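J.: Here you go, sequence then predicted model.
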Amino acid sequence: MTTFEFGEENPVAPDEGGIGQDGELTENSSRRRLDVRTEDNVDDDTVTLGRIRQVLKSVEHAVYEWNIAEDVLHWGDNVGDLLPVPDLSLLNTGRGFASFLDSDNLTNRYEAVMNSGQSDEGEGVPYEIQYRVFPHGRNGHKSCWIEDAGKWFGDENGKPIKAQGIIRLFDERHQREQELAYLSSYDPLTGHMNRLRLSETLEEALKTSEKTRQPCAFLLAAINNLAMVNDAYGFDVADQVIAAVANRIKGKLRGGDTMGRYAGNKFGILLTNCNDEDMRIAAGRLDEVIRGAVIETDVGPVSAAISLGGVVMPRHAHSAQEGMVRAEEALGLAKQRHMDHFVPYEYSSKRESLRKRNVMFADEIISALNDRRLRLGFQPIVDAQTGQPAHYECLLRLVKPNNEIVSAGHFIPVAEQLGLVRLIDHRVLELTIEALLSAPHVNLTFNVSGLTATDPSWLANLKALIQSNHQIADRLTVEITETVAINDIEESTKFVSSLRDLGCRIAIDDFGAGYTSFQNLKLMNVDMVKIDGSFVENLHKSPDNQFFVRTLIDLAKNFKLQTVAEWVENERDVNLLRDWGIDYMQGFLFGAAQMELPSVPEETVKTYEETAKPQKRLIVRHVANS
C-alpha cells in the first residue's frame with residue numbers, strides 16, 4: 001500500500017533536491033517535500049509518481065519550485081501544455097518567466113513573495129494571485145490568465161529563500177468574472193454605465209467640483225414615445241431606438257463628459273465644468289440631435305423625441321442622490337410642459353415645504369400601519385325616497401398619537417407616490433371585513449386604488465376572507481374610480497368579474513369626471529355609478545350641471561344601473577335629484593363620516609323595497625335616533 005504525505009518538516013540544503021529538469025519529483029524538496037513511503041518496491045514509486053503527473057496534466061495544473069537565492073525555477077514536466085512558450089528553457093529563471101507577464105498586471109509572483117511584508121515563522125507564508133501571461137512574448141496577440149497559489153519559505157531570519165506552488169489556467173472563469181464585473185457597472189444594450197456606476201461617477205465629479213469650485217451639471221433625458229414604439233413594433237425595435245438615442249447623445253458630448261443608462265427609457269448625462277447657461281445649451285443640442293432625424297430600425301424609420309431635466313451642482317445638490325432627485329423633478333416638469341423640452345431645476349420654497357411635508361406623512365403612514373392607527377369613518381349613503389341609510393361608505397382616517405384624526409385626502413396622494421397605497425388597501429380591506437362582521441345590519445362600500453385593482457395578492461386576500469365568512473359578500477360593494485376603470489378596460493373588466501364571482505357588488509366612483517361610456521359600464525357589468533360631486537354641489541344653481549346629471553340618471557336607468565349622487569348638501573338639490581329618480585344620495589346634509597357604526601335599535605323595522613334592479617333587496621331602516 002502506498003501513501004502520500006505533503007509538507008512534512010524536513011529542512012535540507014537547497015541543492016539536495018526538488019523538481020528535476022526532466023520533471024521527475026526527487027526525494028527531497030527542501031523544507032517542504034513529498035515523501036513517498038513504499039511498502040512494496042521501487043517500481044511502485046515510479047507508477048505512483050507517474051499517476052500524479054497524469055492527474056496534474058489532466059486537470060491542467062503545473063507545479064513549480066523557485067530557488068529565490070539562485071533565481072532557478074524548476075517546473076513539472078507538463079508546464080509546456082499550460083504555457084506553450086517557444087522555448088521552455090526561458091522559464092528556468094524567475095526573471096525569464098517574468099518576461100512573459102503582462103506589464104499591466106496588478107501583481108505577480110515576485111511581488112507576492114518578496115514584497116508581502118510578512119515573515120516566515122517556520123510554517124511558510126501562503127499566497128494566491130492571478131495574472132495575465134503572453135506565451136509568445138508581450139508583443140504576441142494571444143494571452144491567458146493564470147491562477148498561481150503556493151507558499152514561500154524563509155531563512156533563519158524569515159526572509160524568502162524558496163517558493164513552491166502550483167499554477168492553473170482559468171481563462172473561462174476569468175472571462176465570466178470579467179463579464180459579471182462589466183454587467184455590474186455597464187448596461188449591456190448601450191455599452192454605457194448603468195445607474196449604479198453612474199451614481200458613483202456623479203459622486204466623484206461632485207467632490208471634484210467642490211474641491212475646484214467649478215460647477216458640474218447632471219441631465220436626465222427621457223425618450224417620450226418609447227411606450228408607443230413598444231406597442232407598435234415590439235421590444236426589439238424599442239431596444240434599437242434606445243441604442244440609437246444613446247449613440248446620438250454620446251456623439252454630442254465633450255471629451256470630459258460621461259453618460260449612462262439611468263432607467264428603461266432614461267439616460268443620465270454628467271457635464272463637467274458646466275454652469276446654468278452651459279447646461280441649457282447642451283440640453284438644446286441633445287434635443288436637436290434626437291429630433292433632427294428619424295432612427296433607422298429593422299421595421300423602417302422611427303421618430304423619437306426626448307424631454308430633459310437638469311440640475312447644476314453643488315449649488316442645488318450636495319450628493320449624487322440629491323442631484324438625481326432634483327433632475328427627476330425637473331424632468332417631470334419638462335414632461336408636463338409639452339412645449340418645454342428642457343426644464344432646469346430651480347429652488348422653490350413651496351416645493352421644499354411640500355417635500356418635507358410628504359416625508360413627514362410617509363413616516364407617519366408607516367408608523368400608523370405598524371401601530372394600527374389607520375381607522376375607518378363611516379358616512380351614510382341614504383335611500384333617496386326614504387332618507388334612511390342604505391349603505392355606509394368606509395372612509396379612511398389616520399389617527400395621530402395625540403388622537404388627532406387626519407382624513408385620507410391629506411396622505412393618500414403621498415402614499416400613492418411612495419408606493420405605500422397597496423399596504424394601505426390591504427389594511428382597509430381587513431378593517432372593512434371586521435366592520436361587516438361586527439355589524440350584520442349594515443351594507444358597506446369602500447374604494448380601492450388603481451394599483452390594487454391589478455394586485456392579485458389583494459384579490460386573493462379578499463377571496464380568503466369571504467370564503468371564511470360567506471354571509472358578508474352580498475353586503476359589500478367595492479368602488480373603483482372612473483379614471484382607473486377607463487385606464488385599462490380589459491383589466492378592469494377582469495377585476496370586476498372576479499369580484500362578482502365572490503358575490504360582491506361593484507360601483508364606479510366619481511362618474512362623469514372621465515370619459516367612460518355607458519357601453520363600457522355595461523361591458524364591465526357594474527352595479528352602480530356614483531356621480532362625481534363636482535356636478536352635484538349646488539346643483540340648483542347650474543343649469544348645465546342639471547342637464548348633465550339628469551341625463552346621466554336617465555341613461556343609468558336604461559342600463560339598469562343604480563345611481564348615487566355625491567356631495568349633496570341642501571334640500572333644493574335633494575328635491576331635484578329625487579324628482580329625476582336618483583336612487584341614493586350622499587353628503588354632509590345626511591351626515592359626516594363617524595368613527596363608529598350606528599347600533600341597531602330595538603325597534604328596527606325590516607322592510608323590502610324595490611330598487612332599480614328587478615329583484616328585491618333587504619334594506620335595514622333605522623327608526624328613532626338613527
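T.: Nice, I can see it.
J.: Ile472 belongs to a helix, doesn't it?
T.: Yes - per DSSP: H, G, I helix; E, B strand; the rest coil, Ile472 lies within a helix segment.
J.: In which helix or strand does the residue nearest to it when sequence neighbours are not counted reside?
T.: Distances taken as CB to CB, 6 or more residues apart in numbering put Leu436 closest to Ile472, at 4.3 Å, once the chain neighbours are dropped. In short, each C-beta sits where N, CA and C put it, glycine included. Remark: Leu436 resides in helix 421-438, with elements defined by DSSP states H and E.
J.: Just name whatever secondary elements the helix or strand following that helix is in contact with.
T.: Using DSSP H and E, the helix or strand that follows helix 421-438 towards the C-terminus is strand 444-447. Judged by 3 or more CB pairs under 8 Å, 6 or more residues apart in numbering; DSSP states H and E, strand 444-447 is in contact with strand 374-383, strand 389-399, helix 421-438, strand 476-481.
J.: give me that answer again for 6 Å
T.: Contacts defined by 3 or more CB pairs under 6 Å, 6 or more residues apart in numbering; DSSP states H and E place strand 444-447 against strand 389-399, helix 421-438, strand 476-481.
J.: Need the contact partners of that strand.
T.: 391-394, 428, 432, 436, 477, 479, 509 (CB atoms under 6 Å, 6 or more residues apart in numbering).
J.: pLDDT averaged over the helix holding Leu436 - what is it?
T.: For helix 421-438, mean pLDDT is 94.
J.: Please tell me how far Ala439 sits from Asp474.
T.: 15 Å (CB to CB, to the nearest Å).
J.: ugh, typo on my part, it should be Gly117
T.: 80 Å.
J.: which of those two has more neighbours?
T.: Set Gly117 next to Asp474 and count neighbours by other CB atoms under 10 Å: Asp474 wins out with 13 against 6.
J.: can you tell which of the helices and strands packed on strand 444-447 is closest to Glu569?
T.: When the helices and strands packed on strand 444-447 are compared by CB to CB, strand 389-399 sits nearest Glu569, at 15.8 Å.
J.: just checking, what packs against that closest one?
T.: Partner elements for strand 389-399 (3+ CB pairs under 6 Å, 6+ apart): strand 374-383, strand 405-407, strand 444-447.
J.: next one: it to chain centre, how far?
T.: Distance of strand 389-399 from the chain centroid (CA atoms, centre = their mean, to the nearest Å) equals 34 Å.
J.: Next: stretch 205-215.
T.: Its chain's C-alpha centre and that of stretch 205-215 lie 30 Å apart, by CA atoms, centre = their mean.
J.: Stretch 107-114 too?
T.: Counting by CA atoms, centre = their mean, stretch 107-114 comes out at 43 Å from the chain centroid.
J.: Report the buried residues of it.
T.: Using 16 or more other CB atoms under 10 Å as the test for burial, stretch 107-114 gives 108-110, 112-113.
J.: Over to stretch 547-554?
T.: Residues of stretch 547-554 classed as buried by neighbour count (16+ other CB under 10 Å): 548-550, 552-553.
J.: rewinding a little: quick one: contacts for the residue nearest to Ile472?
T.: Leu436 touches 444, 472, 475, counting by CB under 6 Å, 6+ apart.
J.: Then Leu331?
T.: So Leu331 contacts 220, 222, 309 (CB under 6 Å, 6+ apart).
J.: Among these, which ones are in strands?
T.: 220, 222, 309 (DSSP state E).
J.: where in the stretch 451-600 of the chain is pLDDT low?
T.: Applying pLDDT under 70 to the stretch 451-600 of the chain flags residues 513-517, 600.
J.: what does the host helix or strand of Val229 contact?
T.: Per DSSP H and E: Val229 is located in helix 226-233. Contacting residues not belonging to helix 226-233 are listed as 238, 241, 265, 299 [CB under 6 Å, 6+ apart].
J.: Looking at those, which is nearest Gln586?
T.: When those are ranked by distance to Gln586 (CB to CB), Asn265 comes first, at 41.9 Å.
J.: average pLDDT for stretch 96-109?
T.: The average pLDDT within stretch 96-109 is 89.
J.: Pull up the gap between the residue lying closest to Pro440 once chain neighbours are set aside and Ser498, please.
T.: Nearest non-adjacent residue to Pro440, counting by CB to CB, 6+ apart: Gln471, 7.4 Å away. From Gln471 across to Ser498, the span is 20 Å (CB to CB).
J.: Of these two, which one has the most company?
T.: Neighbours per residue (other CB under 10 Å) separate Gln471 from Ser498, with Ser498 holding more: 15 against 11.
J.: wait, what's in contact with the more buried one?
T.: Leu459.
J.: so which strand or helix has it?
T.: Taking DSSP H and E as the criterion, Ser498 maps to helix 489-501.
J.: That helix: which residues count as buried?
T.: By 16+ other CB under 10 Å, the buried positions in helix 489-501 come out as 492-493, 495-496, 499-500.
J.: what does stretch 95-104 give?
T.: 97, 100-101.
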